[in-house]
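Participant: Fold the stuff below for me.
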Amino acid sequence: MTRLRSPEDLSVEELRRLLIEKRRAERQARLERFRRSGRVVPFPSQEKSQSQQPTVTSDELLFGEEELRQRQHAKPNRRTAMDRVLFYVEVVAVVGLILVLFSGFSAWRNLNRESASALAQPTLTPTPLIMAVVLPSGHTPPNSPGGVQFNEAEIPEHLRPLVQTLANLPVPTPGPEQAVRIQIPAINVDAPVVQGDGWEQLKKGVGQHIGTPNPGQPGNIVLSAHNDVFGEIFRDLDRLKKGDQVVLFTSQRTFTYVVQQVQVVEPTRVEVMMPSQEPIVTLISCYPYMKNDKRIVVSAVLQQ
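Facilitator: Numbers count the residues shown, from 1 in each chain. Below is the predicted model of the structure:
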């Protein structure tokens with residue numbers, strides 16, 4: 001049990017505080033008497049401010065310092081523990097918020113990337129479209145039992161409907177940059193060029209395969225004509241040699257190509273019609289003369 005201290009054991013500060021507390025108690029008693037007699041009307045703000053002012057009781061001065069220390073540290077210890085718990089909760093909440101924000105930002109960035117890729121237009125590249133099952137100008141020889149006609153025997157049976165579909169494609173309207181005439185001085189060829197290389201077009205002259213470029217442009221211009229019917233325009237292609245000239249005319253300009261290669265191939269070798277990066281012209285006709293079971297192909301490059 002804590003021993004009460006005598007006034008001689010108190011310090012000057014403690015005595016001063018004890019005196020202040022005694023005067024405050026007397027003042028409170030006086031105010032209470034005045035309040036009961038009606039001489040003082042208390043205001044809520046005053047009561048609140050007075051109640052909030054810390055009071056120092058005489059017990060706190062008369063009891064020992066050890067008990068005071070225990071009383072002073074009991075509640076702060078509990079408050080410190082609660083503050084630590086609240087601090088950890090706040091830290092966890094802040095970390096969680098950061099993770100949520102980071103996840104949301106990543107999702108937003110991925111969504112923007114997907115939206116941009118969905119809205120972006122793909123780069124269009126030309127597709128190597130041959131649109132041919134066999135090389136053009138194929139027909140039966142004039143001396144065959146059935147006479148001159150389109151040679152369906154060259155075409156696999158399952159591909160014949162495709163050939164009929166391609167034959168019905170519309171012929172483009174001639175333009176000023178399209179070829180209108182061809183000359184090959186080495187074999188005395190001078191003939192008109194028409195658009196399309198179907199059976200009816202090749203009756204009128206040298207046919208340009210639909211979709212191939214115009215003279216002077218990069219790519220492979222495919223021209224074909226018959227060798228033993230309808231003027232026998234390409235009868236002497238086998239006489240051409242490397243260095244001979246092939247001249248193409250448009251309504252505006254003239255372009256000269258130089259022969260690089262002459263070869264005899266099967267009618268199914270449609271890869272000779274493939275597009276190219278450089279400006280070339282490919283001449284195609286049936287071969288040999290009056291037999292027509294193969295094709296002769298002449299390749300020429302634009303003269304710069």
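
Participant: Just the buried positions in stretch 276-291, please.
Facilitator: Within stretch 276-291, the residues that qualify as buried are 279, 280, 281, 282, 283, 284, 285, 286, 287, counting by 16 or more other CB atoms under 10 Å. Any C-beta I mention is one placed from the backbone N, CA and C, and that applies to glycine too.

Participant: The second one against residue 258, yeah?
Facilitator: No. Residue 280 sits out of contact with residue 258 when judged by CB atoms under 8 Å, with a separation of 10.0 Å.

Participant: okay, and the common contacts of the two?
Facilitator: By the contact definition CB atoms under 8 Å, 6 or more residues apart in numbering, residue 280 and residue 258 are jointly contacted by 300, 301.

Participant: where along the stretch 1-150 of the chain do the helices fall?
Facilitator: Taking DSSP state H, counting those that start in this stretch to define them, one finds helices in the stretch 1-150 of the chain at 12-37, 44-52, 58-62, 65-119.

Participant: Just the buried residues of the first one, please?
Facilitator: Right, helix 12-37. Along helix 12-37, these residues count as buried under the neighbour rule (16+ other CB under 10 Å): 14, 17, 18, 21.

Participant: Closest to residue 212 out of the residues you listed?
Facilitator: Compare each of the buried residues of helix 12-37 with residue 212 using CB to CB and the shortest gap goes to residue 17, at 112.4 Å.

Participant: roughly how far apart are the nearest residue to residue 221 once chain neighbours are set aside and residue 14?
Facilitator: Leaving out its chain neighbours, the residue that sits closest to residue 221 by CB to CB, 6 or more residues apart in numbering is residue 281, at 4.4 Å. According to CB to CB, to the nearest Å, residue 281 stands 120 Å off from residue 14.

Participant: same deal with residue 246?
Facilitator: Distance, residue 246 to residue 14, by CB to CB: 125 Å.

Participant: Which strand residues bridge the residue nearest to residue 221?
Facilitator: Residue 281 has the following beta-bridge partners by DSSP bridges: residue 221, residue 300.

Participant: Who are the contact partners of it?
Facilitator: Taking CB under 8 Å, 6+ apart as the definition of contact, the neighbours of residue 281 are 215, 220, 221, 222, 223, 246, 248, 257, 299, 300, 302.

Participant: repeat that with 7 Å
Facilitator: 221, 223, 246, 248, 257, 300 (CB atoms under 7 Å, 6 or more residues apart in numbering).

Participant: The second one touches residue 208, doesn't it?
Facilitator: When you say that, I think you mean residue 223. Yes. Counting by CB atoms under 7 Å, residue 208 is a contact partner of residue 223 at 5.6 Å.

Participant: where does residue 202 land in three-state SS?
Facilitator: Classification of residue 202 by DSSP: H, G, I helix; E, B strand; the rest coil places it in helix.

Participant: Which among the contacts of residue 281 count as buried?
Facilitator: Judged by neighbour count, with 16+ other CB under 10 Å as the criterion, the buried members of these are 221, 223, 246, 248, 257, 300.

Participant: My guess is the last one contacts residue 256. True?
Facilitator: Going back to what we said before, that points to residue 300. No. Under the criterion of CB under 7 Å, residue 300 makes no contact with residue 256, lying 9.1 Å away.

Participant: In which helix or strand does residue 264 reside?
Facilitator: strand 254-265 (DSSP states H and E).

Participant: Pull up the pairing partners for that strand, direction included.
Facilitator: Strand pairing for strand 254-265, using DSSP bridges, gives strand 245-249 (antiparallel), strand 294-302 (antiparallel).

Participant: May I have it exported as CSV, CA atoms only?
Facilitator: Backbone C-alpha positions of strand 254-265 (Å, rounded to 0.1, in the frame of the first residue of the first chain) are rendered in CSV as follows:
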residue,chain,number,x,y,z
THR,A,254,6.9,3.0,-126.9
PHE,A,255,8.7,0.4,-124.7
THR,A,256,11.5,-1.9,-125.9
TYR,A,257,12.2,-5.3,-124.2
VAL,A,258,15.2,-7.5,-124.9
VAL,A,259,14.8,-11.3,-125.2
GLN,A,260,16.6,-13.2,-122.4
GLN,A,261,15.3,-16.8,-122.7
VAL,A,262,13.4,-19.1,-125.0
GLN,A,263,12.1,-22.4,-123.6
VAL,A,264,9.6,-25.2,-124.4
VAL,A,265,7.4,-26.3,-121.5
